[in-house]
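K.L.:
okay, structure incoming, though there's no sequence with it:
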């Protein structure tokens, strides 16, 4: 009886929330199949741990937190399964370690930061810029922000030294900054 | 004095690396001073610093699910059907 209740309730949630969860997963992973798998797994996990939910929180929030864990798992796996040596590094500096002239950061007009965050067009460009990063950089960036963990913890999970980790984030940020400048701030 | 200046001089490449390092780990005293000196003199790196911090805040809001970023919702009825049929 209880299992049937769980199933009926969760079927209702699928109709209410699956599109939102899918959209969120899609913009994190930039891959239709991956996003679909993750959302599907989220609902299966919800059925299995329905007892723990007990209507304590908002179902949407609960489902989101399950999906968030799934996405983090996905990025941990993709980090481990990818080869680092295939990355070609874009050069921003010349032999004297000075900025190459057209790589220099331009001034950005960022009058209203909140407005930027609420801007759908900007969010899509940002998601695209993140997904264009090499796999490991993308993963290390998402993992840093998605679970709000200390860098030390992420380093342990990925089995890399703190130095390797901040250097990877640094390269990712150089590239991301450039991508945002080209596609958003320069316009 | 000149020697001290040279000792504390950073290249732009190293300066921006320190800017991002600072976001993850504590800088050594010497690194801190070198970075302050460099960004005080170098407009380009100081622009990078501002933008790097802005990107941090943006990523924070963008990646964390508790902040709802307004993506246009993508409908996926197929997925809905598929999940319901498997439940």
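P.N.:
Nice, I can see it. Note that the structure is predicted; figures quoted are calculated from it, not measured.
K.L.:
hey, where'd the helices end up in chain B?
P.N.:
B:2-8, B:12-22, B:29-41, B:43-63, B:77-86 (DSSP state H).
K.L.:
contacting residues for residue B:17?
P.N.:
Contact partners of residue B:17, counting by Cβ atoms under 8 Å, 6 or more residues apart in numbering or on different chains, are A:167, A:170. In short, each C-beta sits where N, CA and C put it, glycine included.
K.L.:
apply 6 Å and report the result again.
P.N.:
When contacts are counted by Cβ atoms under 6 Å, 6 or more residues apart in numbering or on different chains, residue B:17 touches residue A:170.
K.L.:
what does chain B put close to chain A?
P.N.:
Proximity of chain B to chain A (Cβ under 6 Å from any Cβ of the partner chain) is limited to residues B:11-13, B:17, B:20-21, B:24-25, B:44, B:47-48, B:51-52, B:59-63, B:65, B:69-76, B:79-80, B:83-84, B:87.
K.L.:
quick one: contacts of the helix or strand encompassing residue A:136?
P.N.:
Using DSSP states H and E, the element containing residue A:136 is helix A:135-146. For helix A:135-146, the external contacting residues (Cβ under 6 Å, 6+ apart) are A:72, A:75, A:78, A:79, A:82, A:84, A:154, A:168, A:172, B:59, B:60, B:63.
K.L.:
next, count neighbours for the third one.
P.N.:
Residues lying near residue A:78 (other Cβ atoms under 10 Å in any protein chain shown) number 16.
K.L.:
and whichever strand or helix holds it, what other elements does it pack with?
P.N.:
According to DSSP H and E, residue A:78 maps onto helix A:59-81. In terms of contacts (3 or more Cβ pairs under 6 Å, 6 or more residues apart in numbering or on different chains; DSSP states H and E), helix A:59-81 is packed against helix A:2-29, helix A:32-48, helix A:135-146.
K.L.:
past it, which element shows up next along the chain?
P.N.:
By DSSP H and E, the next helix or strand past helix A:59-81 is helix A:113-118.
K.L.:
for that following helix, buried residues please.
P.N.:
Neighbour counts over helix A:113-118 (16 or more other Cβ atoms under 10 Å in any protein chain shown) mark A:116, A:117 as buried.
K.L.:
pull the distance from it to the chain's centre.
P.N.:
Centre-to-centre, helix A:113-118 and its host chain are 18 Å apart (Cα atoms, centre = their mean, to the nearest Å).
K.L.:
what residues does it touch?
P.N.:
A:122, B:61.
K.L.:
check which residues of the helix holding residue A:78 are buried.
P.N.:
Within helix A:59-81, the residues scored as buried using 16+ other Cβ under 10 Å are A:59, A:62-64, A:66-72, A:74-76, A:78-79.
K.L.:
excluding chain neighbours, what is closest to residue A:15?
P.N.:
Of all residues not flanking residue A:15 in the chain, residue B:80 sits nearest, at 6.5 Å (Cβ to Cβ, 6 or more residues apart in numbering or on different chains).
K.L.:
so that neighbour versus residue A:76, what's the distance?
P.N.:
According to Cβ to Cβ, to the nearest Å, residue B:80 stands 28 Å off from residue A:76.
K.L.:
ok, residue A:115 next?
P.N.:
Distance from residue A:115 to residue A:76, counting by Cβ to Cβ: 34 Å.
K.L.:
cool, and residue A:126?
P.N.:
For residue A:126, the distance to residue A:76 (Cβ to Cβ) stands at 22 Å.
K.L.:
tell me the SS of residue A:160?
P.N.:
coil (DSSP: H, G, I helix; E, B strand; the rest coil).
K.L.:
now, of the helices and strands packed on helix A:59-81, which is deepest in the fold?
P.N.:
helix A:135-146 (a mean of 21; mean count of other Cβ atoms under 10 Å in any protein chain shown).
K.L.:
quick one: it to chain centroid distance?
P.N.:
Distance, stretch centre to chain centre, for helix A:135-146: 6 Å (Cα atoms, centre = their mean).
K.L.:
got it, and stretch B:37-54?
P.N.:
Relative to the centre of its chain, stretch B:37-54 is centred 12 Å away, using Cα atoms, centre = their mean.
K.L.:
got the residues of chain A near chain B?
P.N.:
So chain A meets chain B at A:7, A:11, A:14, A:18-20, A:22-23, A:27, A:36, A:40, A:43, A:64, A:68, A:93, A:97-99, A:104-105, A:117, A:120, A:123, A:126, A:142, A:145-146, A:151, A:162, A:166, A:170, A:173, A:177 (Cβ under 6 Å from any Cβ).
K.L.:
this completes my enquiry, with thanks.
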